[in-house]
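[1] Need a 3D model of the sequence below.
(one chain, ligands or ions: 3)
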Amino acid sequence: MRELTVDLGERSYPIYIGEGLLREAASYFEKCGLSKRSPLLIVTDEHVGPRYLPALEATLRKAGYQTVGITLPSGEGSKSLAVFESVITKALEAGLDRHSAVVALGGGVVGDLAGYVAAAYMRGIRFVQIPTTILAHDSSVGGKVAVNHPLAKNIIGAFHQPEMVLYDLETLQTLPARQVSAGLAEVVKHGLIWDASFVDWIDGNAGKLRSLDPEALGYALHKGCSVKAAVVSQDERENDVRAILNLGHTIGHALEAVAGYGEMLHGEAISIGMVGAARIGVELGAPQEVYEVTKRVLAKCGLPVRLPSHFDTDAVMDAMMHDKKFKEGRMVYIVPTAIGQVEIDKNMSADRVRRMVEQLKEEAEV
Ligand SMILES: NC(=O)c1ccc[n+]([C@@H]2O[C@H](COP(=O)([O-])OP(=O)(O)OC[C@H]3O[C@@H](n4cnc5c(N)ncnc54)[C@H](O)[C@@H]3O)[C@@H](O)[C@H]2O)c1
Ligand SMILES: O=C(O)C(=O)C[C@@H](O)[C@H](O)[C@H](O)COP(=O)(O)O
Ligand SMILES: [Zn+2]
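    Ligands and ions are numbered 1, 2, ... in the order given. Presented below is the predicted three-dimensional model:
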């Protein structure tokens with residue numbers, strides 16, 4: 001078992017990463033002081049619930065916790081105000097009070113939604129992240145919780161930190177191949193923004209990661225969570241350095257919205273976005289290898305590196321205008337300057353981004 005800390009003063013919390021942690025969940029819940037007198041609401045989805053909810057509830061109940069589960073349809077569509085309301089209804093019916101906690105058992109969709117429920121219910125109750133996807137090594141850490149609006153991703157949300165992150169790597173073994181690749185996009189991102197040697201390692205170990213080799217996965221997810229924790233610890237509310245976690249996301253979020261939520265997975269969209277960002281980086285003076293390595297490593301992880309030509313450039317640009325980082329015709333854009341390094345460009349021209357979107361449709365597959 002590996003342990004990390006997200007260092008945020010009185011809101012600091014541990015990330016536990018290891019095999020079989022779900023079976024020991026009760027002892028971790030006790031360690032972080034969750035109440036046995038008030039019900040816990042476990043939010044999960046239709047793919048995760050049948051596999052992992054009964055065992056989690058059994059171990060928690062055996063230790064004296066009261067649990068209630070809610071199983072949602074899987075996929076990005078559940079990050080909506082309608083589903084948010086249905087979970088609040090469940091919380092009220094189950095009698096959750098201010099000492100209760102919401103437990104997110106699932107991927108980033110469940111984590112973002114359940115976290116937002118926890119942030120809003122009775123003006124904020126505690127919550128626990130139990131991530132079950134590779135991608136959720138990113139989403140479970142850092143306290144960004146949200147639902148989508150049809151016009152813009154993650155636009156209704158809050159910062160609300162969990163009490164702990166309990167990452168049982170055994171659960172990842174049941175992930176479908178497409179979700180494995182999508183999750184690896186955020187792993188690659190953590191290398192590209194912070195650590196060239198990690199990018200090099202992924203380059204050499206992408207095959208092992210895709211085949212869910214436990215040792216390789218453990219190493220990569222610990223590394224990814226360390227980068228995320230380090231960045232968030234420096235800038236909890238994205239006033240500054242935290243923006244670098246958005247590499248590839250400005251266009252990525254627009255692609256998700258334009259495709260229709262869930263059609264293009266988050267990891268797939270930001271993969272294409274990171275290739276675009278690398279192109280802009282090279283245009284602005286970064287070495288050519290920034291583009292070549294970014295594209296190669298993403299392709300090795302089984303990710304798309306080209307924008308399908310049916311995407312309408314105007315629609316993508318319109319969607320970007322709703323991004324939280326867009327202001328007066330200029331956007332905040334994360335631009336790679338070298339492998340493992342990025343800078344925050346607060347004055348990126350929309351015209352340059354438009355040209356990049358067009359170029360992404362011409363991108364050769366690797
Ligand atoms: N809050 C943040 O900081 C942050 C960071 C990155 C991404 N996100 C958000 O995360 C979301 C994407 O998360 P995701 O990729 O985990 O998607 P997801 O939660 O939809 O999970 C992907 C799919 O895998 C299934 N699944 C999950 N765990 C499984 C398992 N162990 N075995 C079998 N199937 C399993 C799910 O049912 C779903 O069909 C997006 O909405 C994105 O915006 C948030
Ligand atoms: O935690 C962050 O900060 C991130 O940017 C992580 C991203 O991977 C994640 O997709 C996040 O939800 C994007 O943030 P947003 O503020 O652009 O919605
Ligand atoms: Zn992301």
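
[2] Neighbours of Asn148, how many?
    Using other CB atoms under 10 Å, the number of residues around Asn148 comes to 24. In this view, the C-beta of every residue, glycine as well, is placed from N, C-alpha and C.

[3] Centroid-nearest residue for the chain?
    Taking CA atoms, centre = their mean, the centroid of the chain lies closest to Ser139, which sits 3.1 Å from it.

[4] neighbours around the spatially closest residue to it that is not a sequence neighbour, how many?
    Excluding the flanking residues, the one nearest Ser139 by CB to CB, 6 or more residues apart in numbering is Gly108, at 3.5 Å. Neighbour count of Gly108, defined by other CB under 10 Å: 26.

[5] again, but for the one 4 residues further on
    Here the number of neighbours of Asp112 (other CB under 10 Å) works out to 24.

[6] any idea how far ligand 1 is from it?
    Using CB to the nearest ligand atom, to the nearest Å, Asp112 is found at 5 Å from ligand 1.

[7] any idea which element that residue lies in?
    Here Asp112, judged by DSSP states H and E, is contained in helix 108-120.

[8] helix or strand right after that helix?
    Once helix 108-120 ends, the next helix or strand along the chain (criterion: DSSP H and E) is strand 126-131.

[9] Quickly find the element holding the residue in the stretch 251-366 of the chain that ligand 2 sits nearest to.
    As assessed by CB to the nearest ligand atom, ligand 2 sits closest to Lys324 within the stretch 251-366 of the chain, at 5.5 Å. For Lys324, there is no enclosing helix or strand under DSSP H and E.

[10] Can you verify my assumption that it contacts Gly157?
    No: between Lys324 and Gly157 there is no contact under CB atoms under 8 Å: 9.7 Å.

[11] So which of these two has more stuff around it?
    A count of neighbours by other CB under 10 Å puts Gly157 above the other of Lys324 and Gly157, at 20 against 16.

[12] who's in contact with the nearest residue to Ile134 once chain neighbours are set aside?
    Computed as CB to CB, 6+ apart, the closest residue to Ile134 that is not its neighbour in sequence is Gly183, at 2.6 Å. Residues near Gly183 by CB atoms under 8 Å, 6 or more residues apart in numbering: 133-137, 175, 267.
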